[in-house]
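J.: Just to be clear, the model below is a prediction. Sequence and coordinates:
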2 protein chains.
Amino acid sequence: MTGSVVIAGLGPGDPSLVTPEVTEALDQATDILGYIPYVRRIAPRAGLTLHETDNRQELDRARHALELATAGHRVVVVSSGDPGVFAMASAVFEAVEAGPTPWRDLDIRVLPGITAMLAASARIGAPMGHDFCAINLSDNLKPWALIEKRLRLAVEADFAIALYNPRSKSRPEGFVRALDLLRQCCEPERLIIFARAVTTPDEAFRVVPLADATPDMADMQTVVLIGSSATRLIARPGRPFVYTPRSVPE
Amino acid sequence: MTGSVVIAGLGPGDPSLVTPEVTEALDQATDILGYIPYVRRIAPRAGLTLHETDNRQELDRARHALELATAGHRVVVVSSGDPGVFAMASAVFEAVEAGPTPWRDLDIRVLPGITAMLAASARIGAPMGHDFCAINLSDNLKPWALIEKRLRLAVEADFAIALYNPRSKSRPEGFVRALDLLRQCCEPERLIIFARAVTTPDEAFRVVPLADATPDMADMQTVVLIGSSATRLIARPGRPFVYTPRSVPE
């Protein structure tokens, strides 16, 4: 039996956003590995071993997946959202590059999923409808100075900006600093969207001008979308529409 | 009968990348509107009217969708990839904002899809695995100077960069200028991925260092991924893996 590693994106939460390609891979798997809450989204069945591991165990999890595949298992490593966006795909390739040469010959495939910022964007309109960027606000794996530099340049480029992992219990200060920086660079009316637990039963949206944004509006289940200078709000009963026009006048 | 407008993403091409949510919306539609090649991906059936329109007709198409919904139709506007990424969602909200007030009360929903850059990233590894941005290289709706400014700042921020619509018959020069700019700002070894017709039978990938990249490697079916300075290539038989590590050392 030939083993394989599939790194699959489960999307933001709603099962109707899981692609058929990912569903098929999960159905064929002998082993599923991932962070505890993501593995818990998979229904147990005979012939399937579920391996739940904690956050920050990404490289160990990747190596385990590659070892199981070498032994002939059909392994699926699950990420929420898209595995190529601040998730497990890079960790697996880091492990491949640093690992034994035969790992390079394994059948390794990445199956994309709906990533949080695009799910959030869809649910509120089209705030990422023009040029945009995505920044991971966690400084666990990169210096804070680089995050700040990227955020400053992204505002200068007038991108719409998605901030992943804006705030956690162990990193309460980063998002405070990010908001301070935004207040230095952007007008107070700049639209900020706090999109929490998108497409799950706990989904919650807040749209506020930068002047009214406060750090407690974000947590680890939140993706923060920052409009470009051109992003517009259409008021209506209930949740407004927020979108960025396709055109920038000369 | 209450009408509705759903703006749905068909993903990059492979039917197994269409979300069940989108499939359900297509099954319920009375009318499907979109650019000719996208509408041709939908199977005709009784009770469904297919409205194919040409490129650059986005606002007319959006208004038509809103008029049909006002008359009680269940309309689906289809985009390739994700409708919120350089596609129809922003056009619909532009039409809503400029249109009659009752359009704001319509049932309008955006259903996300797998966008080209993340499908391409998945098929080659994880080049967008760290902070990244997406830039539409078409200057049909924005000044070229802004594109050049954004590209320059994106390189300075050391983002991985996805270029959508890099080159068309009517705009052969933009990508030439973009490559010139990249050669001024980046080292010659910078990895460039040309991903054409991703997940379709015509899929083709080329991975070259910037020094070897030429304008003819891109066309309108290509998304171009530019690695960050940290992006790495893992050589192996056949298509290599390309990925951006999660860590940036201090």
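T.: Perfect, thanks for sending it.

J.: drop to CA atoms for contacts and neighbour counts, all remaining ones
T.: OK.

J.: got the domain boundaries for chain A?
T.: A:4-114, A:117-243 (automatic domain parsing).

J.: Output those in a markdown table, with distance to residue B:128 appended to each entry.
T.: Shown next, in a markdown table, are the domains of chain A (distance: least, Cα to Cα, whole Å):
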| stretch | distance to residue B:128 |
| --- | --- |
| domain A:4-114 | 6 |
| domain A:117-243 | 10 |
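
J.: what's the closest of the ones you listed to residue B:224?
T.: domain A:117-243 (14.6 Å; Cα to Cα).

J.: That closest one: end-to-end distance?
T.: 13 Å (Cα to Cα, to the nearest Å).

J.: which other residues reach stretch A:196-212?
T.: Under the contact criterion Cα atoms under 8 Å, 6 or more residues apart in numbering or on different chains, stretch A:196-212 has outside partners A:12-14, A:116, A:119-120, A:123, A:182-183, A:187-195, A:218-219, A:221-223.

J.: Need the buried ones from the residues you listed selected in PyMOL.
T.: To isolate the buried subset of these in PyMOL, counting by 16 or more other Cα atoms under 10 Å in any protein chain shown, use the following:
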select buried, chain A and resi 12+13+116+119+120+123+182+190+191+192+193+194+195+218+219+221+222+223
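
J.: The contacts of stretch A:196-212 also near chain B: which ones?
T.: A:119, A:123 (Cα under 8 Å from any Cα of the partner chain).

J.: Can you lay out the domains of chain A as a markdown table showing distance to residue B:58 and mean pLDDT?
T.: Formatted as a markdown table, the domains of chain A follow (distance: least, Cα to Cα, whole Å; pLDDT from 0 to 100):
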| stretch | distance to residue B:58 | mean pLDDT |
| --- | --- | --- |
| domain A:4-114 | 24 | 97 |
| domain A:117-243 | 14 | 97 |
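
J.: what residues does stretch A:77-91 touch?
T.: With Cα under 8 Å, 6+ apart, stretch A:77-91 has contacts from A:5-13, A:32-35, A:38-39, A:58-59, A:62, A:65, A:110-116, A:136, B:118, B:121-122, B:125-130, B:243-246.

J.: one step back: among the contacts of stretch A:196-212, which are located in helices?
T.: A:116, A:119-120, A:123, A:182-183 (DSSP state H).

J.: And those, which is closest to residue B:99?
T.: residue A:123 (21.1 Å).

J.: if I look at that closest one, how far off is residue A:82?
T.: 17 Å.

J.: what does residue A:11 give?
T.: In terms of Cα to Cα, residue A:11 sits 6 Å off from residue A:82.

J.: Quick check, residue A:132 in contact with residue A:160.
T.: Yes - counting by Cα atoms under 8 Å, residue A:160 is a contact partner of residue A:132 at 4.5 Å.

J.: Residue A:68 looks like it's in a helix, true?
T.: Yes - counting by DSSP: H, G, I helix; E, B strand; the rest coil, residue A:68 is part of a helix.
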